[in-house]
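Asker: Here you go, sequence then predicted model.
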Amino acid sequence: MAEKSYSMRMKRSASLRVYSITVLIIFLLSFAPERIMRTSPYKIAFTGACAPSIEHPCGTDFLGRDVLARTMAGGRLSIFFGVISRIASMGIGLAIGCIAGLSGQFLRRAIDFFIEVFLSIPALLLALALAMVMGESGSTIFFAIIIGTWAPVARFFSTRVAQLEGAEFILAAKSLGASKFRIALVHIIPSLMPSLIPLMSTGIATSIMLESTLSFLGLGGVGALYDLPSWGVMIQEGSRVIFDAPWMVIPPSLFLSATILCFNRIGDIFADMN
């Protein structure tokens with residue numbers, strides 16, 4: 001039994017290293033497309049969409065830009081949106097969840113109802129509503145991801161905090177006169193840290209997928225089409241000519257799928273370890 005448990009830990013550790021290194025490589029590639037491909041992802045050659053060749057292993061898009069170089073650079077924007085928006089949504093969800101968990105019955109029910117309202121609205125619908133108010137831009141996508149993903153985090157932490165409220169170390173802190181803010185900051189949040197890593201990792205995958213979906217729908221604005229490549233924008237461009245130039249869709253789709261898979265698997269591995 002012990003040998004089986006040790007073998008499982010070793011497999012999880014090896015898988016964690018593989019997925020983490022893959023994400024790290026994709027992230028580092030996003031900062032070095034010019035050095036690796038010897039061409040700028042923003043360079044317009046006006047040669048049209050050319051099939052893969054020695055000079056352009058994954059071909060060029062409709063403006064003559066190297067597809068592989070743009071795919072590498074696209075990871076910079078997609079991963080940035082995924083990580084930063086997830087950190088923001090985690091912070092909001094954790095704060096609201098702690099407030100709900102430590103509040104009285106009436107306020108807790110009111111906050112839970114507020115959370116349920118946001119849980120019932122798909123993130124895409126919220127993004128479309130924001131686009132009508134804020135206009136199509138990168139900030140629209142950023143805020144749409146935050147608003148669309150904070151509620152599940154708040155629901156999770158609200159439940160966990162309510163469960164921990166009767167724990168001995170919480171009761172001891174209350175008996176010593178500790179405030180609710182101190183209890184949450186010093187006792188509850190540190191005890192929930194093992195749950196933060198899986199939520200963060202899987203949430204980054206969800207945020208990257210949402211960013212790509214919203215970019216595919218055109219909510220990134222016209223500027224993103226020419227200046228800031230992202231995987232969602234590239235897939236949108238390639239989908240228009242998928243039967244004539246399929247090489248425009250395949251690289252960003254593979255990079256996007258690999259990144260989402262890796263973040264999801266990292267979260268699953270940490271969840272199994274807890």
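Answerer: Received it, and whenever you're ready, just let me know what you need.
Asker: Now stretch 233-244: buried residues?
Answerer: Applying a neighbour-count criterion of 16 or more other Cβ atoms under 10 Å, one finds Val233, Met234, Ile235, Gln236, Glu237, Gly238 buried in stretch 233-244. Heads up, the C-betas are built off the backbone N, CA and C, glycines and all.
Asker: In a markdown table, list the residues you listed along with secondary structure, distance to His56 and pLDDT.
Answerer: Formatted as a markdown table, those follow (DSSP: H, G, I helix; E, B strand; the rest coil; distance: Cβ to Cβ, whole Å; pLDDT from 0 to 100):
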| residue | secondary structure | distance to His56 | pLDDT |
| --- | --- | --- | --- |
| Val233 | helix | 19 | 85 |
| Met234 | helix | 15 | 88 |
| Ile235 | helix | 18 | 89 |
| Gln236 | helix | 20 | 86 |
| Glu237 | helix | 16 | 85 |
| Gly238 | helix | 15 | 87 |
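Asker: and of those residues, the nearest to Ser40?
Answerer: Met234 (15.4 Å; Cβ to Cβ).
Asker: now the helices for the stretch 51-200 of the chain?
Answerer: 67-102, 105-119, 123-134, 138-164, 168-175, 180-182, 189-216 (DSSP state H, counting those that start in this stretch).
Asker: Pro251: which of those is closest?
Answerer: Closest approach to Pro251 among those (Cβ to Cβ): helix 67-102, 4.2 Å.
Asker: how far away is Glu211 from Leu28?
Answerer: 20 Å (Cβ to Cβ, to the nearest Å).
Asker: Just want to know which of these two has more residues nearby.
Answerer: Using other Cβ atoms under 10 Å as the criterion, Glu211 and Leu28 rank with Glu211 on top: 28 against 11.
Asker: Report the contact partners of the more buried one.
Answerer: Ser78, Phe81, Gly82, Ser85, Ile141, Ile145, Ser230, Gly232 (Cβ atoms under 8 Å, 6 or more residues apart in numbering).
Asker: contacting residues for the residue nearest to it when sequence neighbours are not counted?
Answerer: In this structure, Glu211 finds its nearest non-sequential neighbour in Phe81, 4.3 Å apart by Cβ to Cβ, 6 or more residues apart in numbering. Applying Cβ under 8 Å, 6+ apart to Phe81 gives the contacts Gly138, Ile141, Phe142, Ile145, Ser207, Ile208, Glu211, Ser230.
Asker: And for the closest residue to the last one other than its chain neighbours, the neighbour number?
Answerer: Sequence neighbours aside, Leu77 is the residue nearest to Ser230 in space, at 4.3 Å (criterion: Cβ to Cβ, 6+ apart). Burial of Leu77, expressed as a neighbour count using other Cβ under 10 Å, amounts to 22.
Asker: now Met10
Answerer: Neighbourhood size, Met10 [other Cβ under 10 Å]: 10.
Asker: Give me the phi and psi angles of it.
Answerer: Backbone torsions for Met10, taken as degrees, to the nearest 10, come to phi -70, psi -40.
Asker: what pLDDT does it get?
Answerer: Each residue has a pLDDT score; the one for Met10 is 79.
Asker: again with Ile92
Answerer: Per-residue confidence at Ile92 stands at 92 (pLDDT).
Asker: okay but it is in contact with Ile145, surely?
Answerer: No. Assessed by Cβ atoms under 8 Å, Ile92 is found out of contact with Ile145, at 11.7 Å.
Asker: neighbour count winner among those two?
Answerer: For Ile92 versus Ile145, the count of surrounding residues by other Cβ under 10 Å is larger for Ile145: 28 against 17.
Asker: nearest spatial neighbour of that one, skipping sequence neighbours?
Answerer: Spatial nearest neighbour of Ile145, chain neighbours left out: Ser85 (4.0 Å); criterion: Cβ to Cβ, 6+ apart.
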